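>>> can't give you the sequence, but here's the structure:
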């Protein structure tokens, strides 16, 4: 054996803590440091240096460990002091390096508070065995994790924390937790993705909308979260996340479909279109032609996406019309286009199926002016309101969002009394079980029923006195603002204004049989339903022509106390059945008063 450069034992302390699951139950670096220092002090050990790192020992290549090895090779130290042998290695390469250093006499021994590994066959075998047992433990845990992840992927769920718009179900044990839908944030994420799909917003503009207009914040963890979304988070976790389109990829590139009961924010076609827009650097790319309704319309024949194209035609002096594409002369009189005296230039925009989903789709095309007219007529009939009705709605929205303290206290007292009663019944049931006064089967049924009632009551108590949903109130006010001149936007607005309005209203268009069908969601559909209900209740109610002379708003004001629905946070419930019925009656009274004054 080679002799060391000095016979005095000089130790290097090595401390390691991995951030991976294998070492979550192992003492922290501070705890290791305290124990090895205390051991060195009691035994009078000479310490040359102290080294620590937070890295897994499952694979070779730890930089701090390599520094320690080089110090031993140079003779700076000839002993290692660690909390446990598995702190040094969990892989055969590093274990072999340590045994080799002991063989050649450069490393005299490795000490822990409970054992010494020196240059004997038994001790070297024990050192190698400790390290190999640590490796096996890591391998077993890795296999278990991979097995669990495969099962999770097969269920249609990615690993890790749920993205914005979803929650991890914390009521289930760890490892089997599914996702729950965040009903408030998922529509906002959907709106962001659709805004990107319009090609009308830069990434910076989307970031501003997300933080300032929507009030989105990062997920709150134990020690962090609840902060504004940063650019990298927006791009990597939202705009480039395929989960919102209903699928995801694992590290090996395998594609998995998201669980079917979880909603999709956008279609897969929209997702891939967004990736083209983002490009490789997350920057939006321009578009030479901008169409108002692409991305919002689908083909009624095959369910595929709809595209648009320009068509240009000329009416010649000979009164014949022909397409301009690849023509320089009139096909009828053969006069060159540049020599025509009074040519009439025509421009059309046609929307038709892309036929990517079904190459044999036979759905025809429709002109943009037809879509403009249908949407303008539809929203004028179903959503447009008068200035007077708009002013009254805006004025009373704030009243709608307020909660009366007396009502809250009465409701809370009633719920608390019922909860106390159910909790007492539950305690009495447990006592009956303890005294064997009830059968196990009966006890299980009654226990489950009582626990369910108690949980429902506790949930209802938490909702009493919740703060006003300012975002929902803002959306409702915005909806009434748009309802004033919505038809004019579709008739005279720019393509960007039309697309932005459809995005705001969350309207989906379907072209079928060369006709347009409109489907709305969200607060606007609630308003449309409410207005239609009011019309059915009272034919005198005409939202677009509703008037209120000076002082007549008092009639509306008398309705305000009855407008507060039980779940006031859901602003779209503003137009509930009771409210619209009473409004129609009040409007009938106003019209009768106007006719009486006219006489």
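Yep, it's here. What you see is a predicted model; the values in this text were computed from it and never measured.

>>> residue 351 should be in a strand, yeah?
Yes. Under DSSP: H, G, I helix; E, B strand; the rest coil, residue 351 sits within a strand.

>>> ok, now which ones touch it?
291, 293-294, 297, 306-308, 365-368, 371, 511 (Cβ atoms under 8 Å, 6 or more residues apart in numbering). Quick note: C-beta positions are derived from backbone N, CA and C, even for glycine.

>>> repeat for residue 117
Residues near residue 117 by Cβ under 8 Å, 6+ apart: 85, 102, 109-111, 123-124, 126-127.

>>> narrow these to just the buried residues.
85, 102, 109-111, 123-124, 127 (16 or more other Cβ atoms under 10 Å).

>>> and those, which two are furthest apart?
111 and 124 (14.3 Å; Cβ to Cβ).

>>> mind checking which of the contacts of residue 351 land in helices?
368, 371 (DSSP state H).

>>> if we can go back for a sec, got the buried ones among the contacts of residue 117 as JSON lines, with distance to residue 425 and secondary structure columns?
What follows is the buried ones among the contacts of residue 117, written out as JSON lines (distance: Cβ to Cβ, whole Å; DSSP: H, G, I helix; E, B strand; the rest coil):
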{"residue": "85", "distance to residue 425": "58", "secondary structure": "helix"}
{"residue": "102", "distance to residue 425": "70", "secondary structure": "helix"}
{"residue": "109", "distance to residue 425": "68", "secondary structure": "strand"}
{"residue": "110", "distance to residue 425": "64", "secondary structure": "strand"}
{"residue": "111", "distance to residue 425": "63", "secondary structure": "strand"}
{"residue": "123", "distance to residue 425": "67", "secondary structure": "helix"}
{"residue": "124", "distance to residue 425": "68", "secondary structure": "helix"}
{"residue": "127", "distance to residue 425": "63", "secondary structure": "helix"}
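
>>> between those, which is closest to residue 252?
residue 85 (33.5 Å).

>>> tell me the domain boundaries of the chain?
10-149, 166-278, 297-380, 381-399+469-598, 405-463 (automatic domain parsing).

>>> average pLDDT across the third one?
It refers to domain 297-380. The pLDDT scores in domain 297-380 average 87.

>>> equivalent analysis for the first one, please.
In this model, domain 10-149 has an average pLDDT of 83.

>>> and for the last one?
Per-region confidence: domain 405-463 scores 79 on mean pLDDT.

>>> again with stretch 491-510
81.

>>> buried stuff in it?
493, 495, 498-507, 509-510.

>>> pick the one among those residues closest to residue 168.
Closest approach between these and residue 168, by Cβ to Cβ: residue 506, at 26.9 Å.

>>> which stretches of the stretch 201-350 of the chain form strands?
Taking DSSP state E, counting those that start in this stretch, the strands of the stretch 201-350 of the chain run over residues 247-249, 255-257, 297-299, 306-315, 321-323, 344-353.

>>> could you turn the buried ones of the contacts of residue 351 into a PyMOL selection?
Of the contacts of residue 351, the buried ones can be selected in PyMOL as follows, counting by 16+ other Cβ under 10 Å:
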select buried, resi 291+293+294+297+306+307+308+365+366+368+371+511
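
>>> distance to residue 12 added to the contacts of residue 351, as CSV?
What follows is those, written out as CSV (distance: Cβ to Cβ, whole Å):
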residue, distance to residue 12
291, 69
293, 71
294, 67
297, 70
306, 70
307, 69
308, 71
365, 78
366, 79
367, 81
368, 77
371, 77
511, 75
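
>>> from the contacts of residue 351, which is closest to residue 420?
residue 297 (56.4 Å).

>>> separation between residue 301 and residue 126?
As judged by Cβ to Cβ, to the nearest Å, residue 301 and residue 126 stand 75 Å apart.

>>> just give me how far stretch 307-323 sits from the chain centre.
Distance of stretch 307-323 from the chain centroid (Cα atoms, centre = their mean, to the nearest Å) equals 47 Å.

>>> re the thing from before, max pairwise distance over the contacts of residue 117: which two?
Checking those with Cβ to Cβ, the most distant pair is 111 and 124, at 14.3 Å.

>>> which helices and strands sit right next to the helix or strand containing residue 72?
Element membership of residue 72, judged by DSSP states H and E, is helix 63-74. If contacts are counted by 3 or more Cβ pairs under 8 Å, 6 or more residues apart in numbering; DSSP states H and E, helix 63-74 sits against strand 10-16, strand 46-53, helix 92-103.

>>> do you know which of the ones you listed lies nearest residue 142?
helix 92-103 (15.4 Å).

>>> buried residues in the closest one?
94-95, 97-99, 101-102.

>>> now tell me what touches it from outside.
With Cβ under 8 Å, 6+ apart as the criterion, helix 92-103 contacts 1, 57, 60, 62, 65, 69, 72-73, 80, 88-89, 107-110, 117-119, 124, 127-128, 131-132, 135.

>>> can you do 6 Å?
60, 72, 89, 107, 119, 124, 128, 131 (Cβ atoms under 6 Å, 6 or more residues apart in numbering).

>>> now do that helix and helix 63-74, the angle between them.
20 degrees (axes from the mean of the first three to the mean of the last three Cα atoms, to 10 degrees).

>>> mind listing what residue 532 touches?
By Cβ under 6 Å, 6+ apart, the contact set of residue 532 is empty.

>>> now whichever helix or strand it is part of: mean pLDDT?
Using DSSP H and E, residue 532 maps to helix 523-537. The pLDDT scores in helix 523-537 average 70.

>>> and the nearest residue to residue 270 once chain neighbours are set aside, what's its pLDDT?
Excluding the flanking residues, the one nearest residue 270 by Cβ to Cβ, 6 or more residues apart in numbering is residue 197, at 5.1 Å. Per-residue confidence (pLDDT) for residue 197: 83.

>>> in stretch 224-238, what counts as buried?
In stretch 224-238, counting by 16+ other Cβ under 10 Å, buried: 229, 233-235, 237-238.

>>> could I get the strands of the stretch 201-350 of the chain as JSON lines with distance to residue 176?
Below are the strands of the stretch 201-350 of the chain laid out as JSON lines (distance: least, Cβ to Cβ, whole Å):
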{"stretch": "strand 247-249", "distance to residue 176": "18"}
{"stretch": "strand 255-257", "distance to residue 176": "17"}
{"stretch": "strand 297-299", "distance to residue 176": "37"}
{"stretch": "strand 306-315", "distance to residue 176": "42"}
{"stretch": "strand 321-323", "distance to residue 176": "62"}
{"stretch": "strand 344-353", "distance to residue 176": "43"}
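
>>> most packed of those?
strand 297-299 (a mean of 23; mean count of other Cβ atoms under 10 Å).

>>> that strand - contacts with which helices or strands?
strand 507-512 (3 or more Cβ pairs under 6 Å, 6 or more residues apart in numbering; DSSP states H and E).

>>> in its sheet, what does the strand it packs on sit against?
Using DSSP bridges, the strands paired with strand 507-512 are strand 297-299 (parallel), strand 515-520 (antiparallel).

>>> name the nearest residue to residue 304, sequence neighbours excluded.
Leaving out its chain neighbours, residue 304 is closest to residue 357 (Cβ to Cβ, 6+ apart), at 3.4 Å.

>>> that neighbour against residue 302, yeah?
Yes. Residue 357 is within contact range of residue 302, at 4.9 Å (criterion: Cβ atoms under 6 Å).
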